[in-house]
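S.K.: coords please:
(one chain, ligands or ions: 1)
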Amino acid sequence: MKKFAKRVTNAPRSFTRKILDVIGQNDIISFAGGLPDESLFPHELIKKEINYSLDNLPKSMYQYSQAQGAIELREELAKKYTNSNKNQILITTGSQQGLDILCKTFIDSGDTIVVEAPSYLAALNLFALYDANIVEVELTCRGVNTTQLEELFITKKPKFFYTIPTFQNPTGWSWEDKCKKEVARLAKKYNVIIIEDSPYNALKYEKKEELGFEELLPELSVTLGTFSKTLVPDFRLGWMRADERFLKVFQVMKENTDLLSPKFFQRIVANMIKDGNLALHVETLIEKYRVKRDAMLDALKVEFGEIIEYETPKGGMFFWIKFAESVDTMELFDEAIEKGVAFVPGSVFFKDHNPSSYARLNFTNATIEDINTGMKRLKKALIRYNNQHE
Ligand SMILES: Cc1ncc(COP(=O)(O)O)c(C=O)c1O
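M.R.: Next up is the predicted model:
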């Protein structure tokens, strides 16, 4: 339609939305979405906390107030970070809003930004919507290619580098500390802002502590966080941590969008952090998700043995598996749907959507039984695919 802004006609169609539609219609086991296990949503705890809040919080809680968010929650969040205080925290409507605020703040049409290849699909779509010139840097299971990154910092002078260094979406990979330190050094040297998106950090299945850019580069990095994976996505509560000179601008950008995020849920979550109930819930999630991860690992071994490659994710929600070079997972996807299982083909996580032999498999949403059945179906789909491509 002529009246639409250019960005509407340029808007990339979200593949995940398409598959979620397909899955909704059929008896399909889905490893596709990045969804938490809803049987683990802590409904009783939420009910208890809401009732407590209704009885104890002042009526003024319902009033308009500053966009920055409820002090109680900002104070609790600041404690997560070294050397941060509540003035360095802005509460957002999910971390997706944090991404939008970053685009509004930093991206003029045609500005260059760097992303990992592969990267989070919805962020890639959003950056495209703001007409950013998206440049990719190679990612491996140990971190980004820092030689290539330095070259890009020098030649492209990007506004920022967007990364998910811990339990990444889509790969589940985490950078080695050495890589994080080198990227922090480069960012400082070439004055590039690092955007660290960290929705999965708390879902950690091994003991190792993960270094964050807030520690390595507090003034030149922005951290995005969310309660979507540790509590419930529906509260739409996320946050941004940044130096105050950035945060003040982010606040104005947020005000222009939605004035503020509902304080009611902010106060409830602040209480859940204070009384320790959120931490206990996260421990439960970790226990349950670790079992699911291990179940998917076993099923992958049983069904595919040596014919696929992958790393075992130490946290988060995804396996990133590589089939033989000759397999185009976008075509395999159609076979998989025929056999009653879904995954996300790797190509959608790259800027140019070139054919890819990778696939992202989510292990948190399906039951163990479905993980086993789904993997058998995927194996059948691969056999059929291979037969047709001989
Ligand atoms: C890397 C990444 N960033 C941001 C988000 C958005 O999360 P939220 O529900 O906080 O908006 C997701 C959700 O899956 C994600 O994987």
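
S.K.: check for me that G238 belongs to a strand.
M.R.: Yes - assessed by DSSP: H, G, I helix; E, B strand; the rest coil, G238 belongs to a strand.

S.K.: number of nearby residues for it?
M.R.: 23 (other C-beta atoms under 10 Å). From N, CA and C alone the C-beta is placed, and that goes for glycine too.

S.K.: please apply the same query to G305.
M.R.: Look at G305: counted by other C-beta under 10 Å, it has 8 neighbours.

S.K.: can you confirm it is in a helix?
M.R.: Yes - with three-state DSSP as the criterion, G305 is located in a helix.

S.K.: how close does it get to the ligand?
M.R.: To the ligand, G305 is 30 Å away according to C-beta to the nearest ligand atom, to the nearest Å.

S.K.: Y64 now?
M.R.: Taken as C-beta to the nearest ligand atom, the span from Y64 to the ligand is 23 Å.

S.K.: from L259, how far out is that residue?
M.R.: Remark: distance between Y64 and L259 (C-beta to C-beta, to the nearest Å) = 7 Å.

S.K.: tell me which of those two has more neighbours.
M.R.: Neighbour count, other C-beta under 10 Å: between Y64 and L259, L259 has more, with 11 against 8.

S.K.: what residue in the stretch 1-150 of the chain comes nearest to the ligand?
M.R.: Of all residues in the stretch 1-150 of the chain, G94 sits closest to the ligand, at 2.7 Å by C-beta to the nearest ligand atom.

S.K.: the helices in the stretch 151-300 of the chain, which residues?
M.R.: 177-190, 213-216, 244-258, 263-274, 277-304 (DSSP state H, counting those that start in this stretch).

S.K.: make JSON lines out of these and add mean neighbour count, mean pLDDT and distance to K86.
M.R.: Formatted as JSON lines, those follow (neighbours: other C-beta atoms under 10 Å; pLDDT from 0 to 100; distance: least, C-beta to C-beta, whole Å):
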{"stretch": "helix 177-190", "mean neighbour count": "17", "mean pLDDT": "97", "distance to K86": "24"}
{"stretch": "helix 213-216", "mean neighbour count": "20", "mean pLDDT": "95", "distance to K86": "14"}
{"stretch": "helix 244-258", "mean neighbour count": "15", "mean pLDDT": "97", "distance to K86": "10"}
{"stretch": "helix 263-274", "mean neighbour count": "21", "mean pLDDT": "95", "distance to K86": "11"}
{"stretch": "helix 277-304", "mean neighbour count": "17", "mean pLDDT": "98", "distance to K86": "18"}
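
S.K.: quick check: residues of the chain near the ligand?
M.R.: 34, 94-96, 120, 164, 169, 197, 199, 226, 228, 233, 238 (C-beta under 6 Å from any ligand atom).

S.K.: show me the domain layout of this structure.
M.R.: Annotated domains of the chain cover 6-41+279-388, 43-277 [automatic domain parsing].

S.K.: from one end of the longest one to the other, what's the distance?
M.R.: It refers to domain 43-277. Start-to-end span of domain 43-277 (C-alpha to C-alpha, to the nearest Å) is 12 Å.

S.K.: picking that back up, and the domains of the chain, which one averages the lowest pLDDT?
M.R.: Mean pLDDT is lowest for domain 6-41+279-388 out of the domains of the chain, coming in at a mean of 92.

S.K.: and Q68, how far from V252?
M.R.: In terms of C-beta to C-beta, Q68 sits 11 Å off from V252.

S.K.: which one is F235 nearest to, not counting chain neighbours?
M.R.: F265 (4.6 Å; C-beta to C-beta, 6 or more residues apart in numbering).

S.K.: residue contacts, the one you found?
M.R.: Counting by C-beta atoms under 8 Å, 6 or more residues apart in numbering, F265 makes contact with 235-237.

S.K.: strands of the stretch 1-150 of the chain, residue ranges please.
M.R.: With DSSP state E, counting those that start in this stretch as the criterion, the stretch 1-150 of the chain has strands at 29-30, 89-93, 112-117, 133-140, 143-144.

S.K.: out of the ones you listed, which is closest to D275?
M.R.: Comparing the strands of the stretch 1-150 of the chain by their distance to D275 (C-beta to C-beta), the top pick is strand 89-93, with 19.3 Å.

S.K.: and the closest one, what does it pack against?
M.R.: Applying 3 or more C-beta pairs under 8 Å, 6 or more residues apart in numbering; DSSP states H and E, one finds that strand 89-93 contacts helix 71-78, helix 94-106, strand 237-241, helix 244-258.

S.K.: looking at these, which is nearest to M296?
M.R.: M296 lies closest, by C-beta to C-beta, to one member of the helices and strands packed on strand 89-93: helix 94-106, at 25.0 Å.

S.K.: just checking, what packs against that closest one?
M.R.: Checking 3+ C-beta pairs under 8 Å, 6+ apart, helix 94-106 ends up next to strand 89-93, helix 121-129, strand 193-197, strand 221-226, strand 237-241, helix 244-258.

S.K.: show residues contacting it.
M.R.: Residues outside helix 94-106 that contact it (C-beta under 8 Å, 6+ apart) are 90, 92, 113, 122-123, 126-127, 129-130, 132, 159-160, 193, 195, 197, 199, 222, 224-226, 228, 233, 236-240, 246, 249-250, 253-254, 256-258, 261.

S.K.: measure the residue of the stretch 1-150 of the chain closest to the ligand to F161 for me?
M.R.: Distance of G94 to F161, computed by C-beta to C-beta: 22 Å.
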